[in-house]
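Asks: Okay, predicted coordinates and the sequence, questions at the end:
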Amino acid sequence: MTAAMTASTFFGTAIPVQAAEDGWIGDGELADNSTAAPDPDEVLPNKNQYRYQKDELAAFCHFGPNTFNEIEWGENYGNKTPDEIFKLEEDFDADNYVKALKDAGFKKLIVTAKHHDGFCIWASDYTTYDVAETSYKDGQGDILAEISAACTKYNMDMGLYLSPWDIHDDSYGYYDQNGQPTDKDNDYLDYNEYYNNQLIEILGGEEYGNDGHFVEVWMDGAKGSGQDAQEYDFVKWFDTIQKYEGEEAGYDSDCMLFGAEAYTTVRWIGNENGYAAKNTWSKSKVNYENNTIDSKSQGGYTIGYEDGNQWTVPEADARITSGWFWGTTKNTPKSIADLGSMYFGSVGNNATFLLNIPPNNEGTVDQAILDRVAEFGENIEETFDDNLAAAEGAAVYADNVRGNDIAYKPGNTVDGDDSTYWTTEDGASTGTLLIDLGGVKTFDVVSVEEAIQNGQRINEYKIEYRNSSGEWTVMDSGETIGAKRLARTGAVKGDQVRITVSTTDGKVPMISEVGVYKASDGFELAGMAPDGMDVIDITNNSFTFSNGWTDETGPNFIGGTNKWANAGATFTLEFEGSKVYLLGTKDPNHGTADIYIDDELVETIDTNAGSRALGQMIFESGDLEHGTHTLRLEVKNKAIGIESAYAINNGGKGMVGLETDAYTMNEDTRMDVKLVRVGGSEGEVSVQVAPNPGSAIQDDFDTELITTVTFADGQTEATAPVQTTRNTNMTGNREFSVELTALTDDLIIGFNDKATITILDTESSSKEALQTLVDEGTAAEPEWYVEGWEAYAAAVAEGAAVLEKSDATADEIANAISAITEAKAGLTAREKYTEDDPFAFPWKQDSSSVLEAEFAELHNEELASDGQWALQVA
């Protein structure tokens, strides 16, 4: 390639992709030249490691006595019997548990067969501190065997977590025959032998593992403070593991080991938050002589080494709830936005994602957790289902192809085959791929995968896109690619994507797959404005800040920037349009601010929240006359954080969206979904409302009911029909969506451009399901909510009345379920008592009110008169 062409490649000249004379090489210019493959690296993954990094997702199962005792570590069970600490009365539902994981895309399940408390969830011949000594199935139960059977049924890989630290067993630590502390040489009971026997018992048992096989063994390095001294005979244990689960046993590679010092082949990422460092290497430095490992801990991560001497899969573990073990106060699943951030922050940074999904004290998984697991899987599938780089009309080109050989063609990167790759001539340590999308497309995710079967060597990358004006913009840049690099940003429009990768030491880069995608709604970055809105970053000169504002930067802020200030600080925003939104931070330490528009006080906002969240909508104006306006914010108390402003600026046409993003319908019913127009209603505008299949297919709803909705001049509300059909099969609840498309130029489609519609299966609707909803509603308190309580309470009462009927029909039950579900969705939870929403003390005789302490602030002030403390509730 000429120097002139190199300059155009790197400095942003618009490049028509046509033929080889343009400097870009397509598959059609290549031939079968039998060119030798580049040399692989010395440090490579074994087949198990390679599969794991390509599988990406694994689940963790923490289940045992701690599940029943509301704790994480069972350090204080003392002399309690197994039956006192493990109280499972119902059959463990392994089948539904494993199936739910499999359906969501998880490829492996790691089970805590023995946690630190020493209790064994299998029937062990080496201890009486196990499930066989409980009342579960009259002492005939074996949780590990039951999970193994389900994993075998659904072909789910298994990992074994067997804690080396054992609080209970007498052999742990060094004691003489009389139980008196001694040294290692005079130890009476050998814990290393005990642990090894349990390894043999599990790994050699045909009833354990996926078809009798485990692909990973987890040896957690945790120990309590003040635990007994115990040196572990790791080498002996590792030999046992590989004897039963490695190449010695006839498998294609050795079993992966976590927490195994120099023998580690899967390493801890350095935190339990589900995130890897942006630049993560799959290699560590180990010393077998000293049995040590160095994975370069830095900033809460193990980032690995470019020149490491052993391949160690970076494994990012996290919890879907607040705890590893289930508990009544730690059973709320993380949001889909949180899980999405973890996925992109782990898998997208060359790590695997190990997510703990804990069974509850009834041997099942809470429905809310199961629903979130399914939603997580659906968002992954929806995001990566349509690769724009491989779509009809798209093509991939390169600036250099090894030997001009078809074996290394750029098209290999979109063939879906990880074994093929594009690479360059020897000596070309930098190479560029150009993806022509065949037209302007909207996307927000670019995926790049290195051919790690030959090693990880790329140490610099840059991802750019070309907009419709021919300008190139950097979307992401950094060092490592590895198994997968996911660059995620706000939605952009472009017709080409350019990926440049480099290596050192004379090695050539090798890329196996690339992809360009539009993220699902759940995986979009928070705070992304609808197409057509003016996005005004806080660095724009439309903002004017007083003294006292502090600048922050970070990838999770909208536009990468944030400002915050305390009471007394102000800013003004000059904007053009008919409606404005402010995006910023909600936080337990943030407070209130007054908002003025054109010098008129319009609202006092409260940004205090129970947990910190970035990119949140903290203010929405009413509709304004189209024109130039001034917004002023004055911080009243605590802190305010601001990231961006959005404005509707389309000549008063406004923005049209669905009223809500979720609906519930029964079979064979018709419903009108409501559309709202905000930010102006000047002129006639039209949108199309179209249904799209999901788990519900053509037999479940009218797929041809596509409606054009026209808003007249001045009209702000409209409806569109949706029709479900009768399906007499027991299908379970199914989902489809309705989506909006603008038919009028410059019309903005709003934040709710799509709604999910759940069809309640008539055959599955039952009194049991209704009873659960009624019980939940009956237990709720009106003080918990600031909006929607009356409708919810009425729906619950109607549901209770249906339950009282001995001849209630399936439709009546389904209607009651639908009514409660919709009313529940309309509830707005109270976060705290405020001046606008105070606690109301009872004032009538014999009446009472419940004061929820978590919604109040307690103030203690010493009284000078008596020296006592007066309690005030605010």
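Replies: Done, it's in.
Asks: Give me the below-cutoff pLDDT ranges for the stretch 451-600 of the chain.
Replies: For the stretch 451-600 of the chain, applying pLDDT under 70 flags the ranges 526-528, 553-556, 560.
Asks: Where do the strands of it begin and end?
Replies: 460-466, 472-478, 485-502, 510-517, 534-537, 543-545, 550-553, 561-566, 570-577, 579-586, 592-597, 600-606 (DSSP state E, counting those that start in this stretch).
Asks: In JSON lines: those strands, plus mean neighbour count and distance to Ile85.
Replies: For every residue, glycine as well, the C-beta is placed using N, CA and C. Shown next, in JSON lines, are these (neighbours: other C-beta atoms under 10 Å; distance: least, C-beta to C-beta, whole Å):
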{"stretch": "strand 460-466", "mean neighbour count": "21", "distance to Ile85": "51"}
{"stretch": "strand 472-478", "mean neighbour count": "16", "distance to Ile85": "48"}
{"stretch": "strand 485-502", "mean neighbour count": "21", "distance to Ile85": "43"}
{"stretch": "strand 510-517", "mean neighbour count": "25", "distance to Ile85": "47"}
{"stretch": "strand 534-537", "mean neighbour count": "19", "distance to Ile85": "56"}
{"stretch": "strand 543-545", "mean neighbour count": "16", "distance to Ile85": "58"}
{"stretch": "strand 550-553", "mean neighbour count": "11", "distance to Ile85": "47"}
{"stretch": "strand 561-566", "mean neighbour count": "20", "distance to Ile85": "47"}
{"stretch": "strand 570-577", "mean neighbour count": "19", "distance to Ile85": "57"}
{"stretch": "strand 579-586", "mean neighbour count": "24", "distance to Ile85": "40"}
{"stretch": "strand 592-597", "mean neighbour count": "19", "distance to Ile85": "48"}
{"stretch": "strand 600-606", "mean neighbour count": "14", "distance to Ile85": "45"}
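Asks: what's the closest of the ones you listed to Ser419?
Replies: Nearest of these to Ser419, taken as C-beta to C-beta: strand 510-517 at 7.7 Å.
Asks: Only the buried residues of stretch 125-140, if you could.
Replies: Tyr126, Thr127, Tyr129, Asp130, Val131, Ala132, Glu133, Thr134, Tyr136 (16 or more other C-beta atoms under 10 Å).
Asks: Which ones among these lie within helices?
Replies: Among the buried residues of stretch 125-140, no member falls in helices (DSSP state H).
Asks: between those, which is nearest Ala755?
Replies: Using C-beta to C-beta, Tyr136 comes nearest to Ala755 of those, at 44.2 Å.
Asks: Let me see the domain layout of the protein.
Replies: With domains defined by automatic domain parsing, the chain comprises 49-280+312-383, 386-523, 534-648, 655-760, 767-829, 832-874.
Asks: could I get the strands of the stretch 451-600 of the chain as CSV with distance to Ala794?
Replies: As requested, the strands of the stretch 451-600 of the chain are exported to CSV (distance: least, C-beta to C-beta, whole Å):
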stretch, distance to Ala794
strand 460-466, 52
strand 472-478, 50
strand 485-502, 41
strand 510-517, 44
strand 534-537, 42
strand 543-545, 46
strand 550-553, 46
strand 561-566, 43
strand 570-577, 40
strand 579-586, 31
strand 592-597, 33
strand 600-606, 29
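Asks: I'd like to know which of those lies nearest to Lys153.
Replies: Closest to Lys153 of the strands of the stretch 451-600 of the chain is strand 510-517 (C-beta to C-beta; 30.9 Å).
Asks: other SSEs contacting that closest one?
Replies: Counting contacts by 3 or more C-beta pairs under 8 Å, 6 or more residues apart in numbering; DSSP states H and E, strand 510-517 packs against helix 367-384, strand 422-423, strand 430-450, strand 485-502.
Asks: Go again with 7 Å.
Replies: Contacts defined by 3 or more C-beta pairs under 7 Å, 6 or more residues apart in numbering; DSSP states H and E place strand 510-517 against helix 367-384, strand 430-450, strand 485-502.
Asks: Show me which positions of stretch 662-677 end up buried.
Replies: Applying 16+ other C-beta under 10 Å to stretch 662-677 flags Tyr663, Thr664, Met665, Asn666, Glu667, Thr669, Met671, Val673, Leu675, Val676, Arg677 as buried.
Asks: What's the end-to-end length of that stretch?
Replies: 18 Å (C-alpha to C-alpha, to the nearest Å).
Asks: re earlier: show me the one of the helices and strands packed on strand 510-517 that comes nearest Pro691.
Replies: That would be helix 367-384 among the helices and strands packed on strand 510-517, by C-beta to C-beta, at 16.1 Å.
Asks: Output the contacting helices and strands for the closest one.
Replies: Helix 367-384 packs on helix 94-103, helix 336-346, strand 510-517, going by 3+ C-beta pairs under 7 Å, 6+ apart.
Asks: List the residues that contact the residue nearest to the spatial centre of the chain.
Replies: The C-alpha lying nearest the average C-alpha coordinate of the chain belongs to Leu339 (C-alpha atoms, centre = their mean; 1.6 Å). Counting by C-beta atoms under 7 Å, 6 or more residues apart in numbering, Leu339 makes contact with Phe376.
Asks: for the stretch 51-200 of the chain, which spans come out with low pLDDT?
Replies: For the stretch 51-200 of the chain, no range has pLDDT under 70.
Asks: and Thr724, what does it touch?
Replies: Met665, Glu667, Asp668, Thr669, Asp700, Phe701, Ile759.
Asks: quick one: it and Glu603, what's the gap?
Replies: Computed as C-beta to C-beta, to the nearest Å, the Thr724 to Glu603 distance reads 40 Å.
Asks: any chance you could map the strands in the stretch 251-400 of the chain?
Replies: Going by DSSP E, counting those that start in this stretch, the stretch 251-400 of the chain shows strands at 256-258, 266-268, 283-287, 292-294, 297-298, 301-302, 310-311, 313-319, 352-356, 395-398.
Asks: Include distance to Ala791 and mean neighbour count when you put those into a markdown table, please.
Replies: Shown next, in a markdown table, are the strands of the stretch 251-400 of the chain (distance: least, C-beta to C-beta, whole Å; neighbours: other C-beta atoms under 10 Å):
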| stretch | distance to Ala791 | mean neighbour count |
| --- | --- | --- |
| strand 256-258 | 50 | 25 |
| strand 266-268 | 48 | 24 |
| strand 283-287 | 57 | 20 |
| strand 292-294 | 59 | 15 |
| strand 297-298 | 53 | 12 |
| strand 301-302 | 47 | 24 |
| strand 310-311 | 58 | 22 |
| strand 313-319 | 34 | 24 |
| strand 352-356 | 36 | 25 |
| strand 395-398 | 54 | 24 |
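Asks: and of these, who's closest to Pro838?
Replies: Here strand 313-319 is closest among the strands of the stretch 251-400 of the chain (C-beta to C-beta), at 36.2 Å.
Asks: packing partners for the closest one?
Replies: helix 47-55, strand 266-268, strand 352-356.
Asks: Just put those in TSV and tack on distance to Glu625.
Replies: Formatted as TSV, the helices and strands packed on strand 313-319 follow (distance: least, C-beta to C-beta, whole Å):
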stretch	distance to Glu625
helix 47-55	56
strand 266-268	58
strand 352-356	49
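Asks: and Asp623, which of those is closest to it?
Replies: strand 352-356 (43.1 Å).
Asks: What average pLDDT does that closest one get?
Replies: Mean pLDDT, strand 352-356: 98.
Asks: which outside residues touch it?
Replies: So strand 352-356 is in contact with 52-53, 56-60, 62, 110, 274, 313, 315-320, 324, 342-343, 346-347, going by C-beta under 7 Å, 6+ apart.
Asks: 8 Å - rerun?
Replies: When contacts are defined by C-beta atoms under 8 Å, 6 or more residues apart in numbering, strand 352-356 is touched by residues 52-53, 55-62, 106, 110, 274, 313-321, 324, 339, 342-343, 346-347.
Asks: Parallel or antiparallel, which strands does it pair with?
Replies: strand 57-61 (parallel), strand 313-319 (parallel) (DSSP bridges).
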